[in-house]
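S.K.: mind looking at a prediction? Sequence and model below.
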Amino acid sequence: MYAEHAAGAQPWALGLGLGTRPAVLILRLRHVPSMDATGLHALEELAAQCWRQGTALVLSGVRRQPAEVLRRSGLAAGLGAGRLCRCFEEALGRARELLAAPAPAHPAAPGSSHWAAPRPQQIVVRDPG
């Protein structure tokens, strides 16, 4: 994931055209053979936006080099257990598990006094490739 992919990803990352905020966003990374610092930064921004909106982010098709970058940066751990998936079917299964689980108590977002976002019940898949 390089700068041009990150720049091209910005509109869907902002949720334009979704209509509503999804409970789970599956980001398919199967066409991302490698990730540099710019791509990592774009993904960190998306993860932060999802966190603020109460949307669970699940990554599918994560290849070896991007997975290593995500692990080293701490983003993989920050996303939560089972959120880096090898294939789409695994990611979809994880998304369904997240929807079936009771909404977790979410700590207050930075700069806010409480977490008030309701949890919608839908899965959205985005494929930047």
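M.R.: Happy to help now that I have it. Numbers count the residues shown, from 1 in each chain.
S.K.: can you pull out the helices in the chain?
M.R.: 3-13, 37-53, 64-73, 75-79, 88-100 (DSSP state H).
S.K.: can you list those in JSON lines and add mean neighbour count, mean pLDDT and distance to R21?
M.R.: (Each C-beta comes from the backbone N, C-alpha and C, glycine too.) Output for these, formatted as JSON lines (neighbours: other Cβ atoms under 10 Å; pLDDT from 0 to 100; distance: least, Cβ to Cβ, whole Å):
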{"stretch": "helix 3-13", "mean neighbour count": "15", "mean pLDDT": "40", "distance to R21": "13"}
{"stretch": "helix 37-53", "mean neighbour count": "17", "mean pLDDT": "91", "distance to R21": "5"}
{"stretch": "helix 64-73", "mean neighbour count": "16", "mean pLDDT": "95", "distance to R21": "24"}
{"stretch": "helix 75-79", "mean neighbour count": "16", "mean pLDDT": "91", "distance to R21": "18"}
{"stretch": "helix 88-100", "mean neighbour count": "16", "mean pLDDT": "93", "distance to R21": "14"}
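S.K.: for the ones you listed, which one sits closest to H31?
M.R.: H31 sits nearest to helix 3-13 of all the helices of the chain, at 8.9 Å, using Cβ to Cβ.
S.K.: who's in contact with A100?
M.R.: Contact partners of A100, counting by Cβ atoms under 8 Å, 6 or more residues apart in numbering, are absent.
S.K.: distance check, it against L92.
M.R.: Noted for A100: a distance of 13 Å to L92, by Cβ to Cβ, to the nearest Å.
S.K.: likewise for A37?
M.R.: Taking Cβ to Cβ, one finds A37 at 30 Å from L92.
S.K.: who touches stretch 75-84?
M.R.: 40, 43-44, 47, 56-59, 62, 67, 70-71, 94, 97.
S.K.: ok, so of those, who is nearest P22?
M.R.: So of the contacts of stretch 75-84, ranked by how close each gets to P22 (Cβ to Cβ), first place is A56, at 8.7 Å.
S.K.: the closest one - how many residues pack around it?
M.R.: Counted with other Cβ atoms under 10 Å, the neighbours of A56 add up to 23.
S.K.: need the per-residue pLDDT for it.
M.R.: We have a pLDDT of 91 for A56.
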